[in-house]
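Colleague: Let's see this in three dimensions:
(chains A and B)
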Amino acid sequence: MIWEVFRQERKGQPFTHGGSFHAPDQAFADAYAREFYARRGESVALWVVPREAITAIEEFPDEFDLKYRRVDGYSIKARLKEARERVGSTERSIAEAPALPASERD
Amino acid sequence: MNSERAQLLLELADDELILGWRNSEWTGIAPFLEEDVAFSSIAQNEIGHARALYELAAAELGTDADALAFDRKPEEYRCAPLVQLRLVPDWARTIARHVLYETADAIRIERLKEHKDSDLAGIAAKIEREEVYHRLHAEMWLDRLGREERYAEAVDELWPYALGVLEPSLRPALAERVGRPEVEAVERSAPGEEFAELWNEMTMVRRSAPVGAQW
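Modeller: Predicted structure coming up:
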């Protein structure tokens, strides 16, 4: 049986994933979690969870490019490229182009 | 001749040092990886307890903890025969010893916490805070193995040794907790051949270094 351990470094901080290990039941898992993740005072609290109790969600379809709903809005990189091709502006090299703000670099 | 107090401290310290050493013989070969790490940690804790106890004895005897741990002759060690037994690679017997020792040690530490000497009472309280987790570890293994025939055989074999960890007045309490009748105990005495081998290995580095070497 596989167990996942989440550890908190200081009171009030969020728990972060520490790692995982095999143990036959909760008693063994608790003992091992204590030895692996809290022996040297590196954690103030642990969550010891059987992996099967965790639901993993990994698919987030976005088929229609509804990026306008996101705080960073549309990416304009692809549109700039299109526009350049339309006017045939091959003379501007990448190096001369002004740097795009991070949010538009895609 | 050592005082009664120093004698008591040396018995306790020797028990913890030698048990820690014996348990550490499982490092790298315990039944599975997670247990390897946990059991090694417990071994390290026991040796830590030994150091604290030796320091207390050393203050009284005018020496230091390393000298007490490593510079005595094999026949001067006071550890109980239970902790001297070399049990690798028998996990059932190792766990039986672990359970019996922790049960006996709990009784001894409870008594020591009430000692009129505040240094002794204080160190007992400190040790107890770690031993709680050793006992939890021992108990979870007992739950797993307690009904196995090999485990029962191991306890049969080690029971007289377990009684020998405690002074006679504390033995009835151990018999009650373990649920076995008191039998003739294997008493502390000058250690034998099996211990001599351990001692030889344990003190090898210390003996190879010049006197007064700093680590």
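Colleague: Would you mind listing what in chain A touches chain B?
Modeller: By CB under 8 Å from any CB of the partner chain, the part of chain A that sits against chain B consists of A:21-25, A:27-28, A:30-32, A:34-36, A:39. Placement of C-beta: from N, CA and C, glycine included.
Colleague: Can you report how many residues lie near B:Ala121?
Modeller: 14 (other CB atoms under 10 Å in any protein chain shown).
Colleague: Chain neighbours aside, what residue packs nearest to it?
Modeller: Spatial nearest neighbour of B:Ala121, chain neighbours left out: B:His115 (4.7 Å); criterion: CB to CB, 6 or more residues apart in numbering or on different chains.
Colleague: quick one: the one you found is in a strand?
Modeller: No - using DSSP: H, G, I helix; E, B strand; the rest coil, the assignment for B:His115 is coil, not a strand.
Colleague: Could you report the separation of it from chain A?
Modeller: Applying CB to the nearest CB, to the nearest Å, the value for B:His115 to chain A is 29 Å.
Colleague: my guess is that residue meets B:Ala125, correct?
Modeller: No - contact status for B:His115 versus B:Ala125: not in contact, 10.4 Å apart, counting by CB atoms under 8 Å.
Colleague: So between those two, which is more surrounded?
Modeller: Using other CB under 10 Å, the more surrounded residue of B:His115 and B:Ala125 is B:His115, with 15 against 12.
Colleague: average pLDDT for the helix or strand B:Glu153 falls within?
Modeller: In the assignment (DSSP states H and E), B:Glu153 maps to helix B:149-163. For helix B:149-163, the mean per-residue pLDDT is 98.
Colleague: for that helix, packing partners?
Modeller: helix B:81-84, helix B:91-113, helix B:171-178 (3 or more CB pairs under 8 Å, 6 or more residues apart in numbering or on different chains; DSSP states H and E).
Colleague: got JSON lines for those, with mean pLDDT, mean neighbour count and distance to A:Pro50 too?
Modeller: Below are those laid out as JSON lines (pLDDT from 0 to 100; neighbours: other CB atoms under 10 Å in any protein chain shown; distance: least, CB to CB, whole Å):
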{"stretch": "helix B:81-84", "mean pLDDT": "97", "mean neighbour count": "22", "distance to A:Pro50": "36"}
{"stretch": "helix B:91-113", "mean pLDDT": "97", "mean neighbour count": "21", "distance to A:Pro50": "24"}
{"stretch": "helix B:171-178", "mean pLDDT": "98", "mean neighbour count": "16", "distance to A:Pro50": "32"}
